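*Asks:* coords please:
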Amino acid sequence: MREALFIKKNAEKWKQIQHQPTNDPDEQAERFTELISDLSYAKTYYPRSKVTRWINGLASGMYQEIYKNRKIEYSRLITFWKYELPVLFKRYHRIFLFTTLLFCTIVGIGLFSSYTNPDFIRNVLGEEYVIMTENNIDKGDPFGVYRDDDPFGMFIRIAMNNIRVAFITFIGGFTAGLGTLYVMWSNGIMIGSFHYLFIQHDLGLKAVLVIWVHGTIEIASIVIAATSGLIVANGMLFPGTYTRMQSFRRSVKDAVKVLICLVPFFIVAAFLESYITHLMSNTFSSNKDAGLPIWMSVFILSGSLALMIWYFVIRPIQLHKKGIPQTKKGIIARMQSE
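*Replies:* Predicted coordinates for the structure are as follows:
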């Protein structure tokens with residue numbers, strides 16, 4: 001093909017690439033592939049031509065733009081976790097404090113009710129579950145419920161169930177918070193009853209060392225999911241200086257961000273329950289299976305608690321004291337100045 005005909009055939013396409021950039025990844029890939037094909041052809045048949053050098057420059061610029069966009073996307077993700085989410089969560093610390101205190105109170109009610117009413121545990125946990133657990137205790141394997149021949153399958157089930165519960169808790173916020181409060185009540189009562197089942201068999205401390213290996217992150221995440229639900233409810237009921245619809249949309253957007261951030265925490269909790277809690281349960285079992293040392297349980301438990309407190313309490317306060325505003329522009333500007 002003559003050079004003039006080659007230019008005439010592709011000039012409109014090159015002009016579009018140069019002057020009408022796109023953010024669509026598929027279209028970007030298609031354009032870049034075609035441009036590289038044209039460059040290869042030009043280098044083969046017109047190696048010293050000006051058009052070859054021009055196409056090469058256009059292709060280089062497009063490559064840098066694609067790479068730049070990927071860097072921006074990666075940087076945006078880092079910014080979200082490192083700055084945006086903690087700063088956003090600081091805005092709702094009062095709701096988080098209320099949710100935490102309320103949930104602890106509900107757990108306390110579950111403990112007290114189990115102490116005062118012998119049938120309360122069976123009514124909450126179910127007769128079959130209580131009998132199974134008591135049989136395990138009698139056999140010298142009090143935490144046998146955490147045994148599973150398929151730990152990976154157990155991991156998937158637990159992770160999906162925790163995410164499902166968190167989503168339901170969030171959706172409960174759309175009922176003016178009543179649904180969220182119901183999920184908090186049912187889970188808090190169940191946790192209190194479940195622990196008292198072991199306390200009445202003098203296994204309270206051992207239960208903490210086994211169950212809270214994964215429960216620290218799992219339950220803290222459920223409380224934060226409840227916070228997201230109450231954020232939605234707060235936006236519905238107390239719009240402040242916004243219109244009710246503006247306040248509702250704003251609160252839903254913020255609550256969704258909080259909910260999304262919990263997914264990796266639920267995955268970690270599910271991993272701990274499926275693999276580490278399983279091994280830790282062997283430590284207090286008479287079946288002589290290999291378990292984990294108690295110090296490891298204490299280390300994981302305290303480390304998990306420290307992580308949740310640092311990321312959702314201390315980190316937001318630190319960023320707030322530094323004066324980082326709650327806008328994307330302000331966060332990025334602050335990052336660039338550090």
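
*Asks:* in stretch 225-243, what counts as buried?
*Replies:* 225-236, 239 (16 or more other Cβ atoms under 10 Å). Placement of C-beta: from N, CA and C, glycine included.

*Asks:* C-alpha coordinates for that stretch, CSV please?
*Replies:* Extracted in CSV, the C-alpha atoms of stretch 225-243 (Å, rounded to 0.1, in the frame of the first residue of the first chain):
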residue,chain,number,x,y,z
ALA,A,225,-22.6,-3.1,60.1
ALA,A,226,-25.3,-2.1,62.6
THR,A,227,-23.8,1.3,62.7
SER,A,228,-24.2,1.6,59.0
GLY,A,229,-27.9,0.7,59.3
LEU,A,230,-28.4,3.3,62.0
ILE,A,231,-26.5,5.9,59.8
VAL,A,232,-29.3,5.3,57.2
ALA,A,233,-32.0,5.6,59.9
ASN,A,234,-30.4,8.8,61.3
GLY,A,235,-30.4,10.4,57.8
MET,A,236,-34.1,9.5,57.4
LEU,A,237,-35.2,10.7,60.8
PHE,A,238,-32.9,13.7,61.5
PRO,A,239,-32.1,15.5,58.2
GLY,A,240,-30.7,18.6,60.0
THR,A,241,-30.0,21.4,57.5
TYR,A,242,-30.6,19.2,54.5
THR,A,243,-33.9,18.3,52.9
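
*Asks:* now it: how far from the chain's centre is it?
*Replies:* Relative to its chain's centre, stretch 225-243 lies at 21 Å (Cα atoms, centre = their mean, to the nearest Å).

*Asks:* name the residues that touch that stretch?
*Replies:* 92, 95-96, 98-99, 103, 165-167, 169-177, 179-180, 183-184, 244, 246-252, 254-256, 258-259, 262 (Cβ atoms under 8 Å, 6 or more residues apart in numbering).

*Asks:* so which of the residues you listed are in strands?
*Replies:* Among the contacts of stretch 225-243, none falls in strands (DSSP state E).

*Asks:* just the buried ones among those, please.
*Replies:* Here, 16+ other Cβ under 10 Å leaves 92, 95-96, 99, 103, 165-166, 169-174, 177, 179-180, 183-184, 247-248, 251-252, 254-255, 258-259, 262 buried among these.

*Asks:* mind checking which of the residues you listed are in helices?
*Replies:* Judged by DSSP state H, those include 95-96, 99, 103, 165-166, 169-171, 179-180, 183-184, 247-248, 251-252, 254-255, 258-259 as members of helices.

*Asks:* before we move on, back to that, any chance of TSV for the buried residues of stretch 225-243, columns pLDDT?
*Replies:* Formatted as TSV, the buried residues of stretch 225-243 follow (pLDDT from 0 to 100):
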residue	pLDDT
Ala225	96
Ala226	97
Thr227	97
Ser228	96
Gly229	96
Leu230	96
Ile231	96
Val232	94
Ala233	95
Asn234	94
Gly235	93
Met236	92
Pro239	89
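
*Asks:* tell me the phi and psi of Val213?
*Replies:* Main-chain dihedrals, Val213, degrees, to the nearest 10: phi -60, psi -40.

*Asks:* tell me who's in contact with it.
*Replies:* Leu272, Glu273, Ile276, Thr277, Met280, Ser297, Ile300, Leu301, Ser304.

*Asks:* go with 6 Å
*Replies:* Residues near Val213 by Cβ atoms under 6 Å, 6 or more residues apart in numbering: Leu272, Ile276, Thr277, Met280, Ser297, Ile300, Leu301.

*Asks:* any idea how far Ile109 is from the third one?
*Replies:* I take that to be Thr277. Separation of Thr277 from Ile109 (Cβ to Cβ, to the nearest Å): 26 Å.

*Asks:* related to what we said a few turns ago, what's the closest of the buried residues of stretch 225-243 to Ser193?
*Replies:* Ala226 (18.8 Å; Cβ to Cβ).

*Asks:* what helix or strand does the closest one sit in?
*Replies:* helix 204-237 (DSSP states H and E).

*Asks:* and stretch 114-130, how far out from the chain middle?
*Replies:* Distance, centroid of stretch 114-130 to centroid of chain: 33 Å (Cα atoms, centre = their mean).

*Asks:* now do the same end-to-end measure for that stretch.
*Replies:* Its first and final residues considered, stretch 114-130 spans 13 Å by Cα to Cα, to the nearest Å.

*Asks:* state the mean pLDDT of the helix or strand that contains Gly57.
*Replies:* Assessed by DSSP H and E, Gly57 sits inside helix 50-79. Helix 50-79 shows a mean pLDDT of 70 in the predicted model.

*Asks:* residues near the nearest residue to Pro151 once chain neighbours are set aside, how many?
*Replies:* In this structure, Pro151 finds its nearest non-sequential neighbour in Ser274, 4.6 Å apart by Cβ to Cβ, 6 or more residues apart in numbering. Applying other Cβ atoms under 10 Å, we find 22 residues neighbouring Ser274.
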